Every structure is written in structure tokens, then in C-alpha cells.
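Participant: Using only what follows, build the 3D model:
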Amino acid sequence: MSRSPLPLPDDTALQQLHAQALDQLSPATLARLRAARHAPARQHRAHGWWLATACSAVVALGLGYSFTAHPPAAPPAAVAASTLEDGGELLDENPDMYVWLGTTDLAME
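Facilitator: So this is what the prediction gives:
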């Protein structure tokens, strides 16, 4: 028992139905509907801008406070200078490593 789908009305038929429905409404009802349709959109847009501005201000203040409360620490310069001077001593610490490298084929790879 398959039913055939109902034919969809074309645009002109829908426009005629809409026009008939509008003719049955009173002008006062149409004015109230038009005012209700446009009122929330204006009010919503105004609150959206204020909310976005307030949120961005709170984030900016929070970031500013975090940078002043905990300033970034610079790396100590003395540690960096001492590692450059001690680089030669690091190679001389274990001469057995060079003997081991000389006896294996790893040094040639």
C-alpha cells in the first residue's frame, strides 16, 4: 500500500495563499506582528556589542595583571658563560671513551 506523495505547490500558489492570509488579518494585528518581529533583533544586537566589549576588556585587564604580577624571568647570564668555558674540559674527562671508539667500527660510520 504505497501512497503517492502529495504534489508540492509552486511559488505562485504559495504567494497567493500568503496574500489571502494577510488580507484576513486586521491592520492592528499586522502592526503588532511587525513591531514584535523587529524589536528583539535591535535589542539583541545592542546587547551583543556591549557583551563583546565587556568581555574583551576583562580579558585585557586579566592579561595585563598577569604580566605585572609575574614578570617573565630572564635566563641567568652567568650559567651560559660558564658552559662555554667548560666545553673543553668535558671532552677530556673520559679518555677511555676514545679508546673504546678506536676499537669499534662505530667511529667509521
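
Participant: so who does residue 24 touch?
Facilitator: Residues in contact with residue 24 (Cβ atoms under 8 Å, 6 or more residues apart in numbering): none are found. Yep, even glycine has a C-beta here, placed from its N, CA and C like the rest.

Participant: Just the mean pLDDT for the longest helix seen in the chain, thanks.
Facilitator: The helix that spans the most residues within the chain, counting by DSSP state H, is helix 27-69. Helix 27-69 carries an average pLDDT of 83.

Participant: just stretch 99-109 next, same as before
Facilitator: 69.

Participant: do stretch 73-93 as well
Facilitator: Throughout stretch 73-93, pLDDT has a mean value of 59.

Participant: try stretch 9-20
Facilitator: 86.

Participant: Tabulate the CA atom coordinates of that stretch in PDB.
Facilitator: Output of stretch 9-20 as PDB, limited to C-alpha atoms (Å, rounded to 0.1, in the frame of the first residue of the first chain):
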ATOM      1  CA  PRO A   9       2.600  23.700  -4.600                       C
ATOM      2  CA  ASP A  10       4.600  26.000  -6.700                       C
ATOM      3  CA  ASP A  11       5.700  29.500  -5.700                       C
ATOM      4  CA  THR A  12       2.800  31.400  -7.200                       C
ATOM      5  CA  ALA A  13       0.300  29.200  -5.300                       C
ATOM      6  CA  LEU A  14       2.200  29.800  -2.000                       C
ATOM      7  CA  GLN A  15       2.300  33.600  -2.700                       C
ATOM      8  CA  GLN A  16      -1.500  33.600  -3.300                       C
ATOM      9  CA  LEU A  17      -2.100  31.700   0.000                       C
ATOM     10  CA  HIS A  18       0.100  34.200   1.800                       C
ATOM     11  CA  ALA A  19      -1.700  37.200   0.300                       C
ATOM     12  CA  GLN A  20      -5.100  35.700   1.300                       C
END
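
Participant: Alright, calling it a day.
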